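Participant: Can you look at this prediction? I've put the sequence above it.
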Amino acid sequence: MKFWESVGNFYGAKDASYAWPIALVHLNITLYALTFWLTRPVLPFLSTQLGADSVVFGYLQTVFSFVQLLGAPIIGRLCDTQGAKIALQMCQLATGLSYILLGSAWNIPVLFLSQLPTVLMQSMHCSQAFVTDFSSDESRSNALGRLSLSYAVGMALGPMLGGLLSDVIGYHGVAWLAGALMFV
């Protein structure tokens with residue numbers, strides 16, 4: 001029990017019973033960032049491999065950003081009505097589906113289709129809501145800062161691993177791996 005108390009204190013949990021869920025959210029957001037940054041650096045190469053030029057890739061990025069913009073209020077509402085846990089699970093499923101579709105893309109339309117599930121790809125927002133709900137008032141700012149640190153770990157490791165793995169398993173393989181990790 002002493003271990004979970006120290007984990008709870010580190011993550012800013014209200015009490016020791018919230019330590020395990022908050023630790024899982026940190027693991028989840030690290031995994032989310034890792035998979036996101038695994039796929040982002042290989043996406044231009046994958047799209048080129050499928051026949052897209054720089055203009056089409058720009059459109060692809062625009063679709064991704066626009067869909068994300070549309071999804072933020074949807075996930076915010078879902079967090080408010082159903083709770084951050086349910087919303088976070090929806091985000092993880094949508095993110096995994098997006099990466100599986102990306103790994104399965106055989107042409108440009110499927111590549112664009114792979115960006116549609118990203119409407120629910122809002123895991124950081126849900127994680128922030130979860131940590132806010134389960135942290136004490138005094139430690140909330142530290143808890144949110146540590147959540148950003150967990151994201152940063154995935155952000156630092158993802159591009160490096162994505163580049164290294166693309167030489168071994170290919171661009172599609174990196175996307176498949178990211179999708180598989182999201183369903184773990």
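Facilitator: Great, that's in hand.
Participant: which one is the residue nearest the centre of the chain nearest to, not counting chain neighbours?
Facilitator: Nearest to the geometric centre of the chain sits Tyr32, at 3.1 Å (CA atoms, centre = their mean). The shortest distance from Tyr32 to any non-neighbouring residue, by CB to CB, 6 or more residues apart in numbering, is to Ser123 (4.4 Å). (C-beta placed from N, C-alpha, C; glycine too.)
Participant: From Thr95, how far out is the one you found?
Facilitator: 7 Å (CB to CB, to the nearest Å).
Participant: before we move on, what about Val7?
Facilitator: Taking CB to CB, one finds Val7 at 26 Å from Thr95.
Participant: More neighbours: these two, which one.
Facilitator: The neighbour count for Val7 versus Thr95, taken as other CB atoms under 10 Å, is higher for Thr95 (26 against 17).
Participant: Wait, Leu46 touches Asn107, no?
Facilitator: No. Counting by CB atoms under 8 Å, Leu46 does not reach Asn107; the two are 11.8 Å apart.
Participant: Pull out the buried residues from the lowest-mean-pLDDT helix or strand in the chain.
Facilitator: For the chain, using mean pLDDT, DSSP states H and E, the weakest element among its helices and strands is helix 2-11, scoring a mean of 71. Neighbour-count burial for helix 2-11, counted by 16 or more other CB atoms under 10 Å, picks out 4, 7-8, 10-11.
Participant: now stretch 130-139
Facilitator: Within stretch 130-139, the residues that qualify as buried are 130-131, 133-135, 139, counting by 16+ other CB under 10 Å.
Participant: helices or strands next to the longest helix anywhere in the chain in the packing?
Facilitator: Assignment by DSSP state H gives helix 140-182 as the longest helix of the chain. Contacts defined by 3 or more CB pairs under 8 Å, 6 or more residues apart in numbering; DSSP states H and E place helix 140-182 against helix 2-11, helix 19-39, helix 43-49, helix 84-104, helix 123-134.
Participant: out of those, which comes closest to Pro159?
Facilitator: Pro159 lies closest to helix 19-39 among those, at 5.1 Å (CB to CB).
Participant: how distant is that closest one from the center of its chain?
Facilitator: Counting by CA atoms, centre = their mean, to the nearest Å, helix 19-39 is centred 7 Å from the centre of its parent chain.
Participant: Right, I'll call it a day here.
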